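Student: Sequence and predicted model, in that order:
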Amino acid sequence: MKPTFTTLQIAFLFLFISFKSFSQTYAENGMVVSDHVIASQVGVDILKKGGNAIDAAVATAFALEVTHPEAGNIGGGGFIVFMKSDGNVTTFDFREKAPLAASPTMFLDENGKIKDNSNHQGLLAVGVPGTVAGLYQAHQKYGKLPWADLVKPAVELAKKGFTMSWGLYNAAVRMTDRDPSEDIMQNYFKGKDGKIVKPGETWKQPALAKTLKEIQKHGRNGFYKGWVAQEIEDYMKANGGIITKADLEKYEAVEREPVKGTFNGYEIYSMPPPSSGGVALIEMMNLMEQANIAKVEFNSTAYVHLVAEAMRRAFADRAEHLGDPDFNPDMPLDRLLSKEFAKKRFETLDMTKASISDPAQFGHPYGGDNTTHFSVVDKDGNAISMTYTLENSYGVKMGSDKLGFIFNNEMGDFNPVPGETTATGQIGSNPNLVAPEKRMLSSMTPTIVAKDGKPYLVIGSPGGRTIINTVFQTVLNVLAYDMRVDRAIEAMKIHHQWLPDRILYERNLLSPDTREALEKMGHTLTPTTNLGVLMGITYDASKKLYTGAADSSSEDGGARGY
Ligand code: DON
C-alpha cells in the first residue's frame, strides 16, 4: 500500500522544511537567537506586537535574567551594538563602574599581593551594575512600545515560574558546592519543600518578580533609587561591600560611536572601549586581509598559525593600550584600527615559525566564566547585537533574598596589581587600573557585519578573553570561507591571548598531524573542551530571509522567528 499523508502531516512537513533545517532557523520578518528559547520567544512576541529590535532586545534581556540567571542579569552590565534600518550604527555602553570608594590597590595586601582572591570573590569584586540603565536609555531613545509592556513578560515568568531544564538544574546542583562565604541566596533554586526544583517542575522567583515589578513601574529609578537601591546599600554594608546609594544614583549608561572596519568590501561594526573586543577584532580582520586568508585552507597548519599570530599581536596591543575611554583620552584607536598598522604588524609575522610573547615588552616585536549574547533583527531591518554579563557564572554568587538577583564580580576585569604583567596572563598596564567610577576593560564583542548598508551577520559570544577570538573566527568563517551561519559557529576554534603563550584548541577538532606541524614551528598547543557559545543571524537580501543559529553548546538556547 502506498503511504498517504493527511493534510496535517503535509502542513507539518512544509513547516519543518520552510522554517527549520536541523541547526538553522529561518524567518522572513524578525528573529531572536539567545541562550534560552523562552527568552527568544519573549522577544519574538514583542516583534509580532509591533515592537522594533530595541523593544525585543529589552524584553529578551529581562527574560534572560529570569530564565538564564548564570549570565542574564540586572546585577551586571554589558553592551549593545544597534544598526538602524537607515544603515546608521550606534552603541550603548552599560558596563559596570568601580564604586566611588575604589582604588588601584584595593585588592592588595601589605606585600602587594592579591588578598584572598578579593578581585573575584566577595562583595569588593562587585561593580556598580549598569544593565537596567543601559536598557532604559536605549529604549528611551529608540524604543517604540511602552517600557512596562517590555518588562512585563519577565515579571510574569518570575512570578508564575517556568519549567526547570536539566541545564539549569545541573548548574543549581553545582552551586551547592560553592565557597561557604558565598550565599547565592540560600533558597534561590529551592521549591516550597526546601529542595532544588527538579527538571520538569516549575521554578518560581517571587523576590525577583517584586524587583522587576518596581523596574517595570519606575523605569531606571526602580533600580537606582527607592527601596531596591536602599536594599542594595544595606546588603552591601552588612556583607563587606562598598557600593552605596550614591554609586547607584550616579551611574549613567553612555551612547558611543561604534568602531568600524572593513574586510573584502564588508563593513564591520563593533563595540569600542571600554570593550577591547571591537578594536582587537578589526585589527585581526585587517591582518587577515593582508594575509589573503581566503586562499589559505581552513584548519590547515598555515591557517592556525596565521590566526594565532594575529591573536597574539592584537592581545598584546589590547594589554598595552586599552581601558575606559573616559580615563584614557589618548588611546591610539585610529592607529590600531588602520590598514597601515595591520600592514606593519603583518611584516613582523614569519610564516615558518611562532613569534614569542614577552611580558616585559608589550607591542614589541609585534608592535570568567559566564556571559550571554543574543542577536535580534526586525521586519524593518533594524539589528541588535547585545552581550551582557555577571563576569563568572552566577557572578559573585551573592545576592539579597529580598531582591532575588545575583551581583556581578566584574571588578576582576581590572588589572589587579599595578605594573605587574606575568607570563600567565595577568596584565598590569596603566590604562586598566582601578579608579573610582572607572569602567573595567571588557572583551565582549557584540558585532554587526553589513553589506550594502544592510545587516549581513549579527554575532557575539560569551567566554571572557576568548570572546574576541571566537567572534573573530566566526566572522572569518562567514566572510572568507563562505560558511553558513550554523557551520561557522560550530567550526573548530582556537584561542591565543598573547600571554600565556599557547594556543588553546577544541579537542578532537584539530588533526594530530597539524598539531605536530605547529609544534615544530614553535607553538605550544593545549586542548580544551569548547570555545564560544555564539548566537548568530545572517540575512540573505536576495531571498529577503533571515537565518539564525544558536551554538550547540548552549543547553537551553535557540533561535525563534516569525
Ligand atoms: O567583560 C568581559 O570581558 C568578561 N567579564 C566577560 C566574562 C565572560 O564572558 C565569561 N563567560 N563565559
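Tutor: Yes, it's here. Numbers count the residues shown, from 1 in each chain.
Student: Hmm, residue 402 is touching residue 207, no?
Tutor: Yes - when contacts are counted by CB atoms under 8 Å, residue 402 is listed as touching residue 207 (6.0 Å). Using the backbone N, CA and C atoms, a C-beta is placed for each residue, glycine as well.
Student: The two: which has the busier surroundings?
Tutor: Neighbours per residue, other CB atoms under 10 Å: of residue 402 and residue 207, the larger number sits with residue 207, 19 against 15.
Student: OK, contacts around residue 251?
Tutor: By CB atoms under 8 Å, 6 or more residues apart in numbering, the contact list for residue 251 reads 97, 128, 129, 130, 133, 224.
Student: so, if you compare the residues you listed, which one comes nearest to the ligand?
Tutor: Distance to the ligand across those (CB to the nearest ligand atom) is lowest for residue 130, with 11.5 Å.
Student: What confidence value was assigned to the nearest residue to residue 441 once chain neighbours are set aside?
Tutor: Once flanking residues are discounted, residue 441 sits nearest to residue 432: 4.3 Å by CB to CB, 6 or more residues apart in numbering. You'll see residue 432 listed with a pLDDT of 98.
Student: Residue 479 against residue 266, yeah?
Tutor: Yes - the pair residue 479 / residue 266 is scored as a contact, 5.6 Å apart, by CB under 8 Å.
Student: overlap in contacts of those two?
Tutor: Contacts common to residue 479 and residue 266, judged by CB under 8 Å, 6+ apart, are residue 449.
Student: neighbour-wise, which of these two wins?
Tutor: Ranked by neighbour count (other CB under 10 Å), residue 479 and residue 266 place residue 479 first, with 23 against 18.
Student: distance of that one from residue 262?
Tutor: 10 Å (CB to CB, to the nearest Å).
Student: do the same with residue 380
Tutor: 25 Å.
Student: more crowded one of the two?
Tutor: Taking neighbours as other CB under 10 Å, residue 380 and residue 262 compare with residue 262 leading, 15 against 12.
Student: For the residue nearest to that one when sequence neighbours are not counted, name its beta-bridge partners.
Tutor: Leaving aside its sequence neighbours, residue 262 sits nearest to residue 268 (CB to CB, 6+ apart; 6.7 Å). Per DSSP bridges, the residues bridged to residue 268 are residue 261, residue 449.
Student: tell me the contacts of residue 268?
Tutor: 260, 261, 262, 281, 282, 285, 447, 448, 449, 450, 475.
Student: For it, report the pLDDT, please.
Tutor: Residue 268 carries a pLDDT value of 98.
Student: Ok, the one 3 residues further on next?
Tutor: Here, the pLDDT recorded for residue 271 equals 98.
Student: what do you get for the one 10 residues further on?
Tutor: Predicted confidence (pLDDT) at residue 281: the value is 98.
Student: Quickly find the element holding it.
Tutor: Using DSSP states H and E, residue 281 maps to helix 277-291.
Student: could you point out which element follows that helix?
Tutor: Downstream of helix 277-291, the first helix or strand assigned by DSSP H and E is helix 301-321.
Student: how near is the residue in the stretch 51-200 of the chain positioned nearest to the ligand to residue 422?
Tutor: Residue nearest to the ligand within the stretch 51-200 of the chain: residue 71 (6.8 Å; CB to the nearest ligand atom). Distance from residue 71 to residue 422, counting by CB to CB: 28 Å.
Student: out of these two, which sits in the more crowded spot?
Tutor: Set residue 71 next to residue 422 and count neighbours by other CB under 10 Å: residue 71 wins out with 29 against 12.
Student: in the stretch 301-450 of the chain, which spans are strands?
Tutor: 371-377, 383-389, 447-451 (DSSP state E, counting those that start in this stretch).
Student: residues from the chain in reach of the ligand?
Tutor: Applying CB under 6 Å from any ligand atom, we find that the chain lies next to the ligand at 368-371, 389, 391, 410, 413, 442-444, 462-464, 467.
Student: so who does the residue in the stretch 451-562 of the chain that the ligand sits nearest to touch?
Tutor: The nearest approach of the stretch 451-562 of the chain to the ligand comes at residue 462, 3.7 Å away (CB to the nearest ligand atom). Taking CB under 8 Å, 6+ apart, we find residue 462 in contact with 71, 370, 371, 372, 373, 387, 389, 532, 533.
Student: could those residues go into TSV alongside pLDDT and distance to residue 304?
Tutor: TSV is the format used below for the contacts of residue 462 (pLDDT from 0 to 100; distance: CB to CB, whole Å):
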residue	pLDDT	distance to residue 304
71	97	29
370	81	27
371	96	25
372	97	28
373	98	25
387	98	26
389	98	28
532	97	16
533	97	22
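Student: Mind putting the strands of the stretch 301-450 of the chain into a markdown table with mean neighbour count?
Tutor: Below are the strands of the stretch 301-450 of the chain laid out as a markdown table (neighbours: other CB atoms under 10 Å):
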| stretch | mean neighbour count |
| --- | --- |
| strand 371-377 | 32 |
| strand 383-389 | 31 |
| strand 447-451 | 23 |
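Student: any chance of these in a markdown table, with distance to residue 547 too?
Tutor: As requested, the strands of the stretch 301-450 of the chain are exported to a markdown table (distance: least, CB to CB, whole Å):
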| stretch | distance to residue 547 |
| --- | --- |
| strand 371-377 | 10 |
| strand 383-389 | 13 |
| strand 447-451 | 14 |
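Student: Please identify which of those strands is closest to residue 540.
Tutor: Ranking the strands of the stretch 301-450 of the chain by proximity to residue 540 (CB to CB) places strand 447-451 first, at 10.3 Å.
Student: quick one, what contacts whichever residue of the stretch 201-350 of the chain sits closest to the ligand?
Tutor: Here the stretch 201-350 of the chain gets closest to the ligand at one residue, residue 275, 7.1 Å apart by CB to the nearest ligand atom. For residue 275, the contact set (CB under 8 Å, 6+ apart) comprises 79, 93, 95, 441, 442, 443, 444, 445.
Student: give the contact list for the third one.
Tutor: Okay, so that is residue 95. Residue 95 neighbours (CB under 8 Å, 6+ apart): 77, 78, 79, 127, 130, 274, 275, 410, 439, 440, 442.
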